[in-house]
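What shape does this take:
(2 chains)
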Protein chains: 2
Amino acid sequence: MRFLIIGGDAAGMSAASKAKRRMPELEVVVLERSRDVSYSACGMPYNIAEPETGIEELVVRDADTFINKQHIDLRLDHNVESIDPGAKVVRGMEADQKPFTLTYDKLLIATGASPVMPDIPGLDHNGVFPLKSLDHGRRIKQFIGMKDVQRAVIIGMGYVGLEMCEALRARGIEVAMVKPGTRFLPWMNPELSRVVSLTATKNSVAMHAGQAINSIVTHKDSMRVRCDTVDLDADMVIVASGVRPNSEFAMDAGLATGISDSISVDDQLRTSDPDIYSAGDCADAFHLVTGERCWIPLALRANRAGWAVADNVCGVETRLDGVVGTAVFKFFDLEIARTGLTPREAEAAGFDPVEVVVENSSKAHAQKGSTAIYTAMTGDKNTGRLLGVQMVGQQGVAHRINAPAVALHNRMDVKGFFQTDFAYAPPFGPVWDPLLTAANQLLKKLGA
Amino acid sequence: MRFLIIGGDAAGMSAASKAKRRMPELEVVVLERSRDVSYSACGMPYNIAEPETGIEELVVRDADTFINKQHIDLRLDHNVESIDPGAKVVRGMEADQKPFTLTYDKLLIATGASPVMPDIPGLDHNGVFPLKSLDHGRRIKQFIGMKDVQRAVIIGMGYVGLEMCEALRARGIEVAMVKPGTRFLPWMNPELSRVVSLTATKNSVAMHAGQAINSIVTHKDSMRVRCDTVDLDADMVIVASGVRPNSEFAMDAGLATGISDSISVDDQLRTSDPDIYSAGDCADAFHLVTGERCWIPLALRANRAGWAVADNVCGVETRLDGVVGTAVFKFFDLEIARTGLTPREAEAAGFDPVEVVVENSSKAHAQKGSTAIYTAMTGDKNTGRLLGVQMVGQQGVAHRINAPAVALHNRMDVKGFFQTDFAYAPPFGPVWDPLLTAANQLLKKLGA
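Down below sits the predicted model:
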């Protein structure tokens, strides 16, 4: 039996490795269009921040190991162009434009996502980069080193944009961030996003929200990003305007797609064709709070889904519960985290959301070195159910968010969550953890 | 109506304050045997570590505020000696040996716990201290300052002993720890307790487990702690051999007591007398994993139970789910946390426990400054249920433990817990969080 996998990153290589562990006799073929497999994409900003560290340090396992130690038939420079589900055939091109055709018994589409490139004249200038693949990271890093970059403009203010902002500031580069939308972090409670915004200012980052970007033009030896009411000079431009799923040939093959054109999968990661699976940033998931399909491309889900596909291909039935949208990122000295729904998302999903924001201390009364933790918590007025949490702070945010994530998996109400037995010691928080204080305030507002 | 409260610390003052907020017209009388109320007892070791900080900084709210701002009839130096539930009367002595008698409509016994003083000749020497009340902390701090303490012996190796060890080392004092039991942290998985033990050694703390302590004798200008095979010289001795509930007059009054003589309460904190409540370190709780009564005296539970008593006294029915035994403490650069049952406790509760230990990194692949996190996770072979987690590490342990605590509240199985959607970013952990990796290993061992 041949298990064919399109895409050699988190989901694809997780599936390939696990399938080989489960069934060593299985023929596992992976087609990867680049020459890079199995690297920590999320680690790129941190690597770019360090001039002395090679980008290759991000490679978790190299092609040679997959091929020779794990006996996976990994084919680099293989760009898939179409799938024929009827004939169970995949077609594409190798690097030298040599066409290839491959049959499969089971197919996994793990093609990931690509950066959204906004429609701006001048994106083709030398020095304009998206950041998604390892090769993007490699080229950005080389460019900074070669061109003595002094000023950078980042288009977009999402996770990747903010992480790149911190990385470039660490290299001593002046950074301006710009985006057409008027709200800085539109999904975040305004009281919390103000804290993040203040941190940008403290770190001398110029923030230009609500600026349409009209063009990128050459200017002296470098570039100028022309916006509505401001022009930003830059030696380098990073485009971080979000990603979209690589689902074109899945759509062409007639597979069902949904939200943002992500590939629709069931809880066993099967697409609308029972012999074709999809996993990773190109596939959707079930959201445990809304009860609807969602598209939240994150690394843990990609790895988890890759494993589940391998199980199912090998005959070990594995179903995934779904996701609750738990995410964290670092921005200078801040930890920023969320799980579940924002009030706006909750409303769209038919809930009657009520939100509270509490400010708390990261340590107990009289402890030195305490900093502020801001928690926004949302519950449903009708049912009392916990719907979502957002947190921002310098200490103790990143790992705190997983407790409400577990609560969301269990569909807890705020009352039940408030009863949970949290750990307490003075160096790590107040007796009433910020999450419990938020739950208590929310209970009052819910009238429970 | 008079709501009479015996004990002015966490549970007692939480109950008093909340009752006054709920029902300003309620007469709330608090009898406190010392002159200290509402202080952060858990903060004492950290305060003792800092010579320049007064012990009074630990006071969260002073008597004057309770009396004059909150209109609570707080009576200091009132030592209760007996309760007569039939007559609904409490009797005791004021500081000047003046007897007092007070009637009640509703009574809360929040007398806390006292240090267990082992039966060792010489405990009455000047320079031998337990650490439970603020006055103990005050006297220890004064003694260190006055006596130029160079060497201390700590009897006991529990949370308080270890926290005091760190505090005294911070003051430049040589510390030896000693206890009769042979295992260092008997509740902890040996692989994890070895990490803690190594940290003691790195910080030049002499650890003497398995040493019966025979006597404390004067020796030159200071003391000598005579043990089975070793003698330990000390300018100061801290007795941290655990605590026992202050339940004597509750027992004398015929109230039901249970585990370790703690006062038995139902989910509304009522004792066997419906007009008498108990909360805090003197009362028991329902354990959500074992389904049995337990006695785990911790600060969050005391505060929570105090609030619940106030609600119930004020006619707002409040029931507490119970506890799962979540706790954390700091020991030098280590965070040490647990929730739920140890394998031994699980076995005693009728489970068939299976445990795994995993070592993980605190940060993702290729991130700088990563340290080790050790996780021990226990599940039930029969049902697959998650039973308990212990963690030790330099980063990211303290707040991680609350995620499995929430899982225990929801009686999750290991399979369900493994499916939870955790946050990931490279500075904060690997893609597969240590807790998920442990759950995955445990699933294999459970044969699930």
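
Which strand residues bridge A:His208?
Residues found in beta-bridge contact with A:His208 (criterion: DSSP bridges) are A:Val178.

and what of A:Asp84?
Under the criterion DSSP bridges, A:Asp84 forms beta bridges with A:Val89.

doesn't A:Gly92 make contact with it?
No: A:Asp84 lies out of contact with A:Gly92 (Cβ atoms under 8 Å); the separation is 11.8 Å. C-betas here are computed from N, CA, C, even on glycine.

Settle it for me: which of those two has more neighbours?
Between A:Asp84 and A:Gly92, counting by other Cβ atoms under 10 Å in any protein chain shown, A:Gly92 is the more crowded of the two (20 against 14).

how about that one, what does it touch?
Remark: with contacts taken as Cβ atoms under 8 Å, 6 or more residues apart in numbering or on different chains, A:Gly92 is in contact with A:Leu31, A:His78, A:Asn79, A:Val80, A:Glu81, A:Ser82, A:Pro99, A:Phe100.

so is it in a helix, a strand, or just coil?
On the three-state scheme (DSSP: H, G, I helix; E, B strand; the rest coil), A:Gly92 is labelled strand.

and which of the contacts of A:Gly92 is nearest B:Ile120?
For the contacts of A:Gly92, the residue nearest B:Ile120 by Cβ to Cβ is A:Leu31; the value is 73.7 Å.

ok, and the closest non-adjacent residue to that closest one?
A:His78 (4.0 Å; Cβ to Cβ, 6 or more residues apart in numbering or on different chains).

What's the local residue count around that neighbour?
Should you count by other Cβ under 10 Å, A:His78 turns out to have 22 residues around it.

what's it sitting at in phi/psi?
According to degrees, to the nearest 10, the main-chain angles of A:His78 amount to phi -110, psi 110.

coming back round to it: just checking, which of the contacts of A:Gly92 belong to strands?
Mapping those onto strands (DSSP state E) picks out A:Leu31, A:His78, A:Asn79, A:Val80, A:Glu81, A:Ser82, A:Pro99, A:Phe100.

Surely the fourth one and A:Glu94 touch.
No: here A:Val80 lies out of contact with A:Glu94, judged by Cβ under 8 Å, at a distance of 10.8 Å.

Looking at these two now, which is surrounded by more residues?
Taking other Cβ under 10 Å, A:Val80 and A:Glu94 do not tie; A:Val80 has more neighbours (21 against 15).

Put the alpha carbons of stretch A:158-171 into CSV.
Written as CSV, here are the backbone C-alpha positions of stretch A:158-171 (Å, rounded to 0.1, in the frame of the first residue of the first chain):
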residue,chain,number,x,y,z
GLY,A,158,-0.5,40.0,13.4
TYR,A,159,1.5,37.4,15.4
VAL,A,160,4.2,37.1,12.7
GLY,A,161,4.4,40.9,12.1
LEU,A,162,4.8,41.5,15.9
GLU,A,163,7.4,38.7,16.3
MET,A,164,9.4,40.0,13.4
CYS,A,165,9.2,43.5,14.8
GLU,A,166,10.8,42.3,18.0
ALA,A,167,13.4,40.4,16.1
LEU,A,168,14.4,43.4,13.9
ARG,A,169,14.5,45.7,16.9
ALA,A,170,16.9,43.2,18.6
ARG,A,171,19.1,43.7,15.5
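
Strands along the stretch 1-150 of chain A, start to end?
A:2-6, A:27-31, A:73-75, A:78-84, A:89-94, A:99-103, A:106-109, A:113-115, A:128-130 (DSSP state E, counting those that start in this stretch).

Many thanks, have a good one.
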